[in-house]
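> Next comes the sequence, and after it the predicted model I'd like to discuss.
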Amino acid sequence: MKEVVWSSHARAQYLSALTFLADKNEPAAAKLLERVEATTAALANRPIGRPGYADDTFERIVQRTSYVIVFELAGEELRVLRFFHMSQDWRGWRKVETEAQ
């Protein structure tokens with residue numbers, strides 16, 4: 001099992017999405033939290049996803065949500081690099097040096 005490590009940028013995106021949703025619909029925010037936790041736990045056990053737009057990354061859709069997790073594999077770590085809503089154009093982002101380490 002890999003250790004799931006969130007980058008500060010991905011964590012900020014995730015918390016922002018939860019906060020935004022909680023302000024409008026608390027039960028939906030709770031479901032999102034539950035589904036993201038389930039997805040990252042599944043990735044820790046079996047890190048599969050489609051190839052990402054950025055080099056050496058993968059993407060996994062959070063089932064029954066409009067969110068995608070962008071991650072990379074580094075040894076025993078699964079690094080969550082970004083957390084995007086599917087309405088966003090995430091194709092042009094690139095890793096910054098601090099994320100690649």
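That came through, no problem. Numbering: from 1, shown residues only.
> Val68 contacts Arg60, correct?
Yes - using C-beta atoms under 8 Å, Val68 is in contact with Arg60, at 6.9 Å. Just so you know, the C-beta spots here come from the backbone N, C-alpha and C atoms, and that holds for glycine as well.
> Name the spans of the protein whose pLDDT lies under the cut-off.
Applying pLDDT under 70 to the chain flags residues 90-94, 96-101.
> Quick one: the helices in this structure, in order.
Along the chain, the stretches classed as helices by DSSP state H are 8-24, 26-45.
> what about these, which gets the closest to His85?
helix 8-24 (6.7 Å; C-beta to C-beta).
> Kindly state the beta-bridge partners for the residue nearest in space to the middle of the chain.
Centroid-nearest residue in the chain: Ile69, 2.7 Å away (criterion: C-alpha atoms, centre = their mean). Ile69 forms beta bridges with Arg60, Phe83, as assigned by DSSP bridges.
> and it, what is it in contact with?
10, 36, 39-40, 43, 49, 59-62, 80, 82-83 (C-beta atoms under 8 Å, 6 or more residues apart in numbering).
> what do you get if the cut-off is 6 Å, keeping everything else the same?
By C-beta atoms under 6 Å, 6 or more residues apart in numbering, the contact set of Ile69 is 60, 80, 83.
> Pipe those into JSON lines and attach distance to Val4 per row.
Output for those, formatted as JSON lines (distance: C-beta to C-beta, whole Å):
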{"residue": "Arg60", "distance to Val4": "12"}
{"residue": "Val80", "distance to Val4": "7"}
{"residue": "Phe83", "distance to Val4": "12"}
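> Of those residues, which is the nearest to Leu15?
Leu15 has its nearest neighbour among the contacts of Ile69 in Phe83, at 9.1 Å by C-beta to C-beta.
> okay but that closest one is in contact with Tyr14, surely?
Yes - using C-beta atoms under 6 Å, Phe83 makes contact with Tyr14 at a distance of 4.4 Å.
> With neighbour numbers in mind, choose between the two.
Shown here are Phe83 and Tyr14; by other C-beta atoms under 10 Å, Phe83 has more neighbours (25 against 20).
> which residues does the more buried one contact?
10, 13-14, 69.
> Many thanks, I have nothing further to ask.
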